[in-house]
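1. give the three-dimensional model of this entry:
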Amino acid sequence: MKIYNEKEFIDYDYLTEPEKKKYRKHLYDTDRGKFFRLWRYNHPEESNERHKRYEKRNKIKRHKYYVENGVEVFNRRLKRYFGITVDDYYDMVKKQGNRCAICGKNETSQAYNRFKNKKTIKRLSVDHDHDTGHIRGLLCSRCNSMLGNVYDDPKILKKCVEYIIEEDYKDERMEDVLYGGYYGKEIKPDFRINHESRVRRTKQFYTLLEEQLSGCSICNKTIVPKKHAIDHNHLTGKVRKLLCFNCNSALGFVYEDIRIFEAAIKYLEKHRKSRPEGVGPVPPSVRRKRSRKSSKNNLS
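-> Below you'll find the predicted structure:
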């Protein structure tokens, strides 16, 4: 665990016992939050047991609080992460007709709702530029996840379109569904069910890896064993090429529908004017740091 001693970051585990004791006393007097985080780091098992006991003891109380104050909790979350209020959010919902800004469909994904204590259809997700903080619109969870997997980069989306056309356009069976994806259609069952199919898939992986030395066929990211995906056509079962997890997930989230990719490209380019010149796609690690920083600024 890294700690800051007013000059530089040092590793807490390498301190002597007197130094650790002195540091803990300093934290207890100056910053109780950091002190208890450090305690949880030093006592993980006891901390987990305490957390389980707390959850069990306060489950009904917490549920009652969320039911009575659901709008207030949602409003705090919007203010913390996006700097908007519940009224702003529902104005955007009304403006978009409760439909995704990219695919134009209603949200269909479900999730556990702690306010109602059951699974319900999700709200539309607030999409924003992770570098400038500009709110772009409301998206369904699939389109929002698709943009996240390609780091909001229109170039990767264009390569996704080129990849699908290049691999499937020559197949006569795909002419009718190339611009519709495989949503709602009968798909080939996944052929990674038994041991024989796993062996076959492993052989396919190394065969494709020898042919495909440049990396992922879409983003050119270096492919690592166990962090790859053998991409295949879900309607015909034809194996295409090796992709990284992010690109393969981006294809799957929107059912490989070219129309959605083209709509996403237009959507990003429409809102690109608000991005400063020279600012490119932001990788996830930088996104997390900036989101923490922006949330602190919003609260202050």
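2. the helix or strand containing residue 20 packs against which elements?
-> Using DSSP states H and E, the element containing residue 20 is helix 17-30. If you count contacts as 3 or more C-beta pairs under 8 Å, 6 or more residues apart in numbering; DSSP states H and E, helix 17-30 packs onto helix 32-42. Every residue, glycine included, has its C-beta placed from N, CA and C.
3. and with 10 Å instead?
-> Under the contact criterion of 3 or more C-beta pairs under 10 Å, 6 or more residues apart in numbering; DSSP states H and E, helix 17-30 touches strand 2-4, helix 32-42.
4. highest average neighbour count across these?
-> A comparison of the helices and strands packed on helix 17-30 by mean neighbour count, using mean count of other C-beta atoms under 10 Å, puts helix 32-42 on top with a mean of 14.
5. what angle do it and helix 17-30 make?
-> 140 degrees (axes from the mean of the first three to the mean of the last three C-alpha atoms, to 10 degrees).
6. any idea of the angle the helix or strand following helix 32-42 forms with helix 32-42?
-> Following helix 32-42 in sequence order, the next helix or strand is helix 44-68 (DSSP H and E). Inter-element angle recorded for helix 44-68 and helix 32-42: 130 degrees (by the same axes, to 10 degrees).
7. list the contacts of helix 44-68.
-> 36-37, 39-41, 43, 72-74, 113-117 (C-beta atoms under 10 Å, 6 or more residues apart in numbering).
8. and the helix or strand hosting residue 240, average pLDDT?
-> Residue 240 is part of strand 239-244 when elements are defined by DSSP H and E. Averaged across strand 239-244, the pLDDT comes to 83.
9. helices or strands next to the very next helix or strand once past that strand in the packing?
-> Counting by DSSP H and E, the element after strand 239-244 in chain order, helix or strand, is helix 245-253. Where contact means 3+ C-beta pairs under 10 Å, 6+ apart, helix 245-253 is packed against helix 141-149, helix 154-168, strand 228-232, strand 239-244, helix 258-271.
10. which stretch in these is the model least sure about?
-> strand 228-232 (a mean of 79).
11. buried residues in the helix holding residue 20?
-> Buried residues in helix 17-30, counted by 16 or more other C-beta atoms under 10 Å: 20, 23, 24, 27.
12. surely the last one meets residue 42?
-> The one in question is residue 27. No: contact criterion C-beta atoms under 10 Å: residue 27 and residue 42 do not qualify, at 12.0 Å.
13. distance of the residue lying closest to residue 86 once chain neighbours are set aside from residue 113?
-> Nearest residue to residue 86 in three dimensions, chain neighbours excluded: residue 75, at 4.5 Å (C-beta to C-beta, 6 or more residues apart in numbering). Taking C-beta to C-beta, to the nearest Å as the measure, residue 75 falls 16 Å from residue 113.
14. same thing with residue 92?
-> For residue 92 relative to residue 113 (C-beta to C-beta), the value is 20 Å.
15. now residue 77
-> For residue 77, the distance to residue 113 - C-beta to C-beta - is 14 Å.
16. more neighbours: which of those two?
-> Set residue 77 next to residue 113 and count neighbours by other C-beta atoms under 10 Å: residue 113 wins out with 15 against 12.
17. quick check: closest non-adjacent residue to that one.
-> residue 120 (4.3 Å).
18. tell me where the model's unsure across the stretch 1-150 of the chain.
-> 1-14, 114-115 (pLDDT under 70).
19. low-confidence ranges in the stretch 151-300 of the chain?
-> Across the stretch 151-300 of the chain, residues meeting the criterion (pLDDT under 70) sit at 168-202, 213-214, 224-227, 273-300.
20. what do you get if the cut-off is 50, keeping everything else the same?
-> 191-196, 278-300 (pLDDT under 50).
21. what values do phi and psi take at residue 208?
-> phi -70, psi -30 (degrees, to the nearest 10).
22. actually residue 93, sorry about that
-> Torsion angles, degrees, to the nearest 10, at residue 93: phi -60, psi -40.
23. quick revisit: who does the strand holding residue 240 pair up with?
-> Using DSSP bridges, the strands paired with strand 239-244 are strand 228-232 (antiparallel).
24. any idea how far residue 102 lies from residue 84?
-> According to C-beta to C-beta, residue 102 stands 20 Å off from residue 84.
25. ok, the two, which is more surrounded?
-> residue 102 (27 against 16).
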